[in-house]
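J.: Here you go, sequence then predicted model.
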Amino acid sequence: MPKVTYVLADESEHVVDVPLGQSVMDGSVRNNLPGIVAECGGSCSCATCHVYVDAEWREAFDAATEEELDLLSFADGARDSSRLACQLIVTDGSDGLRVVVASNEG
Amino acid sequence: MTTSEIVQSHLVPTEIAEQIVLAEGHRDETALFGAYAWLRENLPLGQSDVDGFDKLWLVSKHADIMEIERQPDIFTSGGGDEPGSHNPIVQNQAGDEFTKGLTGGSLRILDTITYLDPPEHTAVKDIAAAWFRPAQLKQWEDSIRDLARTAIDKFLKPGVNEVDFVKDFAVYYPLHVIMTLFGVPEADEPRMMALTQEFFGTQDPDLARDDVEPLSPEAAAQQWAAAIQDFFAYFDVLVEDRRANPRDDLATLIASARQPDGEYYPKTFAYGWFTAIATAGHDTTSSTMSTTIEQLALHPDQLARVQADLGLIPDLVNEGLRWASPVKSFARRTVVDTTVGGVPVSAGDRFMLLYQSANRDADVFEAPDEFRLDRKPNKQIAFGYGPHMCIGQHLAKLELRVMFEELLPRISALEIVGERKVVQTNFVGGLKNLPVSLTLEP
């Protein structure tokens, strides 16, 4: 299973094995990591799974849709590297991914 | 489960409660929205005690619905540790008793996500959740656009159209889109439409099934059961076919889903998914389309504005959703003593979440009773919130956006030319008819 590293607000790093086909959000929520709240349960609707993705990893996922960009435009702390973790689906190419969890709840 | 006694200061006046809880109350939208406004102003979380129904907390505020829906473990859809002990859809006690009679004691008439709580809900939702992601749906946009153009050409003509916008136009395209993606042949669509109307129209005497005595206390539940049996028989053939002959469609994805142990899910879960998709997947979208067209007819300035800038259509769709709120309510039940909006509530209490009311909440929307296509952000809650939020929301928005992109630029005149009615229901409904004069450019 691909390993994904989540960097939390306190700078602690947590490595999680995320099954193929699950989202980066699932990998956090289903392992009870704090930080990614995911209020809407992963339906690209609430922006409470806001993460920052390093530049070299951006090509590894589908580009953000209008729906996602719209939500991110109203999220606190949004940057060019911002993504919603619920829309990042883990594939074989995701092994070693590192995401920084946004410190606020969007 | 014990339910706490009603505290007099929380009791909603009978007239207000009946307007909201009884299906009949929903025929008169002016009175209905007046009742919602009264609740938000005077008793944002009030208890109703309507004859024949369980006691229900009526949840009228946007923030309170979000608070409840983001805690599915505490405010359960299906009853938590006792699956099937709670009905997430408000029906009267006679209807619930009839449902239990059919199922052998459970209120879970379908194995579908609406009735499930986590972790079962999470696992079953996973079967198709990825398919409904916006990035996945995007690849279908061109096909959906073709279907929108075909619908306009088939049901409308260049020049003046004197039509019932609901029955002569709006109902067909969302049905055709979902059935195409789902994998049901076009020839079977009328059957799916009829079943949907029975499914959601059970409380409306105009839509009652011929073979069930109308308005008898158990008629609604009997009609549900009859409709569901029809669905199951049809879907069983579909499940078997897709397991044997997989295709690139949603039916295959669901029919071939397996549990962690490698076995197929019991067929009832496929039936549940199929029923949810076939019923919830189009009526709500056509209602929103019709309501939006009605508002544009009533506000020609906004029609002109969006025609001049088609980039406003996603905002128009959101405002149309806020205004239409085709899903009027769902219900939840607490498993522990807790609070909602600071008000203490007891384990076993039931809550009726009033989405139409939340979408007119002045704490969230400026001038909530005005249709404004440029609201941004528009925190409409028409799809609900939390893990039970409508799984098809992005498909619905995509269908509506594409249809308006194709239809609105061609409209040179739009006028309402007759009376309109809404479906009599406290659950899923909307406009039943909308007589318009619609002039289309070639």
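T.: Structure's in. What do you need? Numbering: from 1, shown residues only, chains lettered A, B, ... in the order given.

J.: you'd agree A:L33 is in a helix?
T.: No. Counting by DSSP: H, G, I helix; E, B strand; the rest coil, A:L33 is not part of a helix but coil.

J.: Look at it and report its pLDDT.
T.: Per-residue confidence (pLDDT) for A:L33: 93.

J.: For it, grab the count of nearby residues.
T.: By the criterion of other C-beta atoms under 10 Å in any protein chain shown, A:L33 has 15 neighbours. Using the backbone N, CA and C atoms, a C-beta is placed for each residue, glycine as well.

J.: Show me how far the longest helix belonging to chain A is from its chain's centre.
T.: Scanning chain A for the helix with the most residues, using DSSP state H, yields helix A:66-73. Helix A:66-73 sits 14 Å away from the centroid of its parent chain (C-alpha atoms, centre = their mean, to the nearest Å).

J.: chain center to the helix or strand just after it, what's the gap?
T.: Along the chain past helix A:66-73, the next helix or strand (assigned with DSSP states H and E) turns out to be strand A:82-84. Strand A:82-84 sits 6 Å away from the centroid of its parent chain (C-alpha atoms, centre = their mean).

J.: packing partners for strand A:82-84?
T.: strand A:50-53, helix A:66-73 (3 or more C-beta pairs under 8 Å, 6 or more residues apart in numbering or on different chains; DSSP states H and E).

J.: re earlier: for the longest helix of chain A, give the mean pLDDT please.
T.: 93.

J.: Is there any residue in that helix that contacts chain B?
T.: Yes. Helix A:66-73 reaches chain B (C-beta under 8 Å from any C-beta of the partner chain) through A:66-68, A:70.

J.: Contact residues of chain A facing chain B?
T.: So chain A meets chain B at A:21, A:39-46, A:62-63, A:65-68, A:70, A:74, A:87, A:89 (C-beta under 8 Å from any C-beta).

J.: contact partners of the longest helix of chain A?
T.: A:44-47, A:50, A:64, A:78, A:82-84, A:87, A:106, B:134, B:314, B:394, B:397 (C-beta atoms under 8 Å, 6 or more residues apart in numbering or on different chains).

J.: can you rerun that using 7 Å?
T.: Under the criterion C-beta atoms under 7 Å, 6 or more residues apart in numbering or on different chains, residues A:44, A:47, A:78, A:82, A:84, A:87, B:134, B:394 lie in contact with helix A:66-73.

J.: Which one of those is nearest to B:G159?
T.: Within those, the smallest distance to B:G159 is 34.9 Å, found for B:H394 (C-beta to C-beta).

J.: Nearest residue to the residue of chain A found nearest chain B in space, please, no chain neighbours.
T.: Distances between chain A and chain B by C-beta to the nearest C-beta are smallest at A:G41, namely 3.1 Å. Closest residue to A:G41 apart from its sequence neighbours, by C-beta to C-beta, 6 or more residues apart in numbering or on different chains: B:P387 at 3.1 Å.

J.: ok, that neighbour touching A:A38?
T.: No. Here B:P387 does not reach A:A38: they are 8.7 Å apart, not a contact under C-beta atoms under 7 Å.
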